[in-house]
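In: just need the structure, nothing else, for what follows:
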Amino acid sequence: QVQLVESGGGLVQPGGSLRLSCATSGIIFSIYRMGWYRQAPGKQRELVATIISSGGTNYADSVKGRFTISRDNAENTVYLQMNSLKPEDTAVYYCSGTHPYTPALRYWGQGTQVTVSS
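Out: As a prediction, this is how the structure comes out:
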C-alpha cells in the first residue's frame, strides 16, 4: 500500500520559515520524481517544486529563491524548506510522487495547511 504523509504545516508570520516533510512508503522512492503542489481557496492546484532521482530540481517562478526542495533517499522522504514566507503562500500543500516511466503511477498525500498571517 502506497502512503505519502505530509507534516510540518502551520501558522507562521510573514517573513517566517517552515519546513514541510513528506514521508513515503510502498514505492521505490529513489527512482520517483517527487513534487510539492499547493492549492489556495478558490484556486486550482499549482506546482511549487519538483525533484527527480538525480537531484535535479524545478521551481515555480513565485517561489524561486525562497523555497528549496530536497530528498533523502535513505529515509524515503522529500522536504520543502520555505523561507521568506508571504501571505500569498497560504494554501494546502500536497506531496506527490510519480513513477519516472509510467506517469499514470502518480500518488498524492493528504495535504498539510500552511497559513501565513500576522
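
In: contacts, neighbours, all on C-alpha from now
Out: Will do.

In: was I right to think residue 71 contacts residue 57?
Out: No - using C-alpha atoms under 8 Å, residue 71 is not in contact with residue 57; the gap is 10.4 Å.

In: which residues do these two both contact?
Out: By C-alpha atoms under 8 Å, 6 or more residues apart in numbering, residue 71 and residue 57 have these common neighbours: residue 51.

In: between the two, who's got more neighbours?
Out: For residue 71 versus residue 57, neighbours defined as other C-alpha atoms under 10 Å are more numerous around residue 71 (20 against 16).

In: who does the more buried one form a beta bridge with?
Out: Following DSSP bridges, residue 71 is listed with bridge partners residue 78.

In: residue contacts, it?
Out: 51, 55, 77, 78, 79.

In: top of these by neighbour count?
Out: Among those, residue 78 has the most neighbours (other C-alpha under 10 Å), with 26 neighbours.

In: which residues of this protein fall in strands?
Out: 3-7, 10-12, 18-25, 33-39, 46-51, 57-59, 67-72, 77-82, 91-98, 106-108, 112-116 (DSSP state E).
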